[in-house]
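> sequence and predicted structure, then a few things I'm wondering about:
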Amino acid sequence: MQGYHRRMMASPTAELERYNRELSILNTIAGALNRQADLRRALQATLAQVADLFGLETGWVWLMRDDPSAYLAAAQNLPRPFVDEPARMEGSCYCLDAFLAGEIDHDARVITCTRLKHIVALADGLRYHASIPLFAQGEGAQRRRLGVLNVASAEQRELTADDLRLLHTIGDMVGIAVERAQLFERSAELGALEERNRLAREIHDTLAQGLAAITMQLETADALMAGDKPAQARAAIRRALRLARANLEEARRSVLDLRAAPLEEHTLREALTALLQEHVAHWQIEAQFDGAEAQRPLPARVEVALYRIAQEALSNAARHAQARRVTLRLTITPDHAAMIIEDDGVGFDPSQLPPDRCGLIGMSERARLVGGSFDVRSSPGAGTRIEVKLPLDVADSRAHRR
């Protein structure tokens, strides 16, 4: 770029004006590529600027798929036959074949267009186009092929060294914009996948467990009605209704990515104590809690992860392990929060976990998402021990302040 400016300063007035115009167009192209969130519009603006700079009539951009095949990503002022019959722009052609074969990796080429030569009379005499290779950033063979930018004219023009340099610069700028857009798209896809996974965890931790508790209460009510105990049956039905309302509220909060309701008005220790008491009442098990109050507010993500993991572990202990006793220990240090949950249930072999038992996977995933560790130890007939350790310096440091 320094050499470019030295040449510019040494040039006569006409050359200086041309360089200034080129720099202005490069700046305009850079602005269009940076401003436009829509890649197609950004490419169309670039094509218009390139056509204007070189006095050309039309242009289009091919981008590569993973197969690899190419698709028309953008076009500017295409000849009428291509507009009326888009199928004419489908399939391979010489410039794409040359690009894939590595024949236009290092320079722009003027190519007699195999698409245009059949419709010269209908395309205002367009016959030739310059093909500019587009690559992702990298060195040598590490560069990923992104596509080809073509600009067309009716006459074969000899590209000067300055033309080639400018086209390469434009190609580099477009390549960066295309790669950035593709990365944004992949990030959005990963974000959507992460959101689906989050909802799956929340549905399992709220709806599935809540429905199990509601079902138990309704089955109890049914048995009481059969035993001619209507008053007790109505009490069980009322408990089921309360659970249903609470479950619906938790489902709403899950969809909105809000904190678990018990953590809104209570400390983590208070919420875990209440959770244990609920399991004692619903499942008739013994439970012990050991944990001091945190000396400072914890990050919200850590509190939610610990609460949901405890919720799942306690549910598993009661529903699957048939445990009679559960112990929960919570330890808070300046650097991390640790939780251990043990039960005296039937145990299992962690390596032989059925595929439909997603609870352990969800607990492990919750710990991983906040940079923590998750460990489960169990064997048939020997109960289960779950250990969770989460750092307190997670990115989401919003603490639940009371």
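On my side now, so go ahead. These numbers were taken from a predicted model, which means no experiment stands behind them. Residues are numbered from 1 along each chain as shown.
> could I get the contacting residues of the closest residue to R239 other than its chain neighbours?
Spatial nearest neighbour of R239, excluding adjacent residues (C-beta to C-beta, 6 or more residues apart in numbering): Q217 at 4.9 Å. To be clear about C-beta, it is placed using only N, CA and C from the backbone, and glycine gets the same treatment. Applying C-beta atoms under 8 Å, 6 or more residues apart in numbering to Q217 gives the contacts A236, I237, R239, A240, L243.
> now with 10 Å?
For Q217, the contacting residues are A235, A236, I237, R238, R239, A240, L241, R242, L243, A244, H282, by C-beta atoms under 10 Å, 6 or more residues apart in numbering.
> please flag which of those residues sit within helices.
Of the contacts of Q217, the ones assigned to helices by DSSP state H are A235, A236, I237, R238, R239, A240, L241, R242, L243, A244, H282.
> which among those gets closest to A292?
Nearest to A292 among these is H282, at 26.5 Å by C-beta to C-beta.
> how far away is that closest one from E270?
Using C-beta to C-beta, to the nearest Å, we find H282 at a distance of 19 Å from E270.
> and these two? Which one has more around it.
H282 (17 against 14; other C-beta atoms under 10 Å).
> quick check, the more buried one in contact with A318.
Yes: using C-beta atoms under 10 Å, H282 makes contact with A318 at a distance of 7.6 Å.
> quickly list what's touching both of these two.
Both H282 and A318 are contacted by A212, A213, M216, under the criterion C-beta under 10 Å, 6+ apart.
> got a pLDDT number for the closest residue to the last one other than its chain neighbours?
In this structure, M216 finds its nearest non-sequential neighbour in H282, 6.7 Å apart by C-beta to C-beta, 6+ apart. In this prediction, H282 carries a pLDDT score of 77.
> same deal with A323?
pLDDT, A323: 90.
> and what of R35?
Reading off the model, R35 has pLDDT 70.
> do L314 as well
Taking L314 on its own, its pLDDT is 90.
> got it, and the one 5 residues further on?
We note a pLDDT of 80 for R319 in this prediction.
> over to L306?
94.
> for the residue nearest to it when sequence neighbours are not counted, what are phi and psi?
Once flanking residues are discounted, L306 sits nearest to M339: 5.5 Å by C-beta to C-beta, 6+ apart. The phi and psi values for M339, taken as degrees, to the nearest 10, are phi -140, psi 140.
> test my guess that M339 contacts Q311.
No: between M339 and Q311 there is no contact under C-beta under 10 Å: 11.7 Å.
> now the common contact residues for the two.
Common contact partners of M339 and Q311 (C-beta under 10 Å, 6+ apart): L272.
> which residue of those two possesses the greater neighbour count?
The neighbour comparison of M339 against Q311 (other C-beta under 10 Å) goes to M339, with 25 against 22.
> quick one: contacts for the more buried one?
268, 272, 291, 305-307, 309-310, 313, 328-332, 367, 372, 386-390.
> buried members of the residues you listed into ChimeraX, please.
Burial among these is assessed by 16 or more other C-beta atoms under 10 Å; the matching ChimeraX selection reads:
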select :268,272,291,305,306,307,309,310,313,328,330,332,367,372,386,387,388,389,390
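> out of the contacts of M339, which are inside strands?
When DSSP state E defines the strands, the subset of these inside them is G291, L328, R329, L330, T331, I332, I386, E387, V388, K389, L390.
> pull the most distant pair out of these.
Across these (C-beta to C-beta), the longest gap, 17.5 Å, separates I332 and I386.
> and stretch 320-331, end to end?
26 Å (C-alpha to C-alpha, to the nearest Å).
> how far away is A236 from A281?
Taking C-beta to C-beta, one finds A236 at 12 Å from A281.
> what about these two, which has more around it?
Neighbour totals were compared for A236 and A281, and A236 leads with 20 against 10 (other C-beta under 10 Å).
> mind listing what G171 touches?
Residues in contact with G171 (C-beta under 10 Å, 6+ apart) are V50, A108, S131, I132, P133, L134, F135, L146, G147, V148, L149.
> nearest to D66 among the residues you listed?
L146 (11.8 Å).
> doesn't M64 make contact with that closest one?
Yes: taking C-beta under 10 Å as the definition, L146 is a contact partner of M64 at 6.2 Å.
> anything in contact with each of these two?
What both L146 and M64 touch, as defined by C-beta under 10 Å, 6+ apart, is the set A73, F99, L134, V178.
> how near is the nearest residue to the first one once chain neighbours are set aside to A274?
Just to be clear, that refers to A73. In space, and not counting its chain neighbours, A73 is closest to L63: 4.2 Å by C-beta to C-beta, 6+ apart. For L63, the distance to A274 (C-beta to C-beta) stands at 56 Å.
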